[in-house]
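**Student:** my questions are about this predicted structure, shown below with the sequence.
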Amino acid sequence: VQLQASGGGLVQSGGSLRLSCVASGVTLTDYSVGWFRQAPGKEREGLICFRKRDGNIGYADSVKGRFSISRDNDGNTVYLQMNNLQPEDTAVYHCAAADDCDSDYLNYWGQGTLVTVSS
């Protein structure tokens, strides 16, 4: 099983990035799927998630109105559109699959892609 995130990079404050996550060996539509990030010295922060049981999307307050999630028709590629990026958004971004968006346990996650936002 592999969840490969890509699309990170260096962007100026106020800029945008679109991250991609391609899954292999697992059917993402069997799970709630979303993105989390981890900055150096900080705990993991869940950002946004497709909730499998009702199809709704959950957002962390820190990204509401700036980040959005989408996926391909096959359901095995998930995207994170990030707008109005700020220096505090600097982190490694990971996609993950879990039984529920509120679950602390992640069934699958990838190595992540680094996003650096300069001021």
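**Tutor:** Arrived safely. Numbering: from 1, shown residues only.
**Student:** could you list the buried residues of stretch 17-30?
**Tutor:** Neighbour-count burial for stretch 17-30 flags 17, 19, 20, 21, 22, 23, 26, 28 (criterion: 16 or more other C-beta atoms under 10 Å). Quick note: C-beta positions are derived from backbone N, CA and C, even for glycine.
**Student:** quick one: mean pLDDT for that stretch?
**Tutor:** On average, the pLDDT along stretch 17-30 is 94.
**Student:** and the buried residues of stretch 17-30, which is closest to residue 86?
**Tutor:** Taking C-beta to C-beta as the measure, residue 86 lies nearest residue 17 of the buried residues of stretch 17-30, at 12.2 Å.
**Student:** who touches stretch 6-22?
**Tutor:** With C-beta atoms under 8 Å, 6 or more residues apart in numbering as the test, stretch 6-22 has contacts from 3-5, 35, 76-87, 92-93, 95, 110, 112-119.
**Student:** state the distance from the spatially most central residue of the chain to residue 119.
**Tutor:** Most central in the chain under C-alpha atoms, centre = their mean is residue 35, positioned 2.1 Å from the mean C-alpha point. According to C-beta to C-beta, to the nearest Å, residue 35 and residue 119 sit 23 Å apart.
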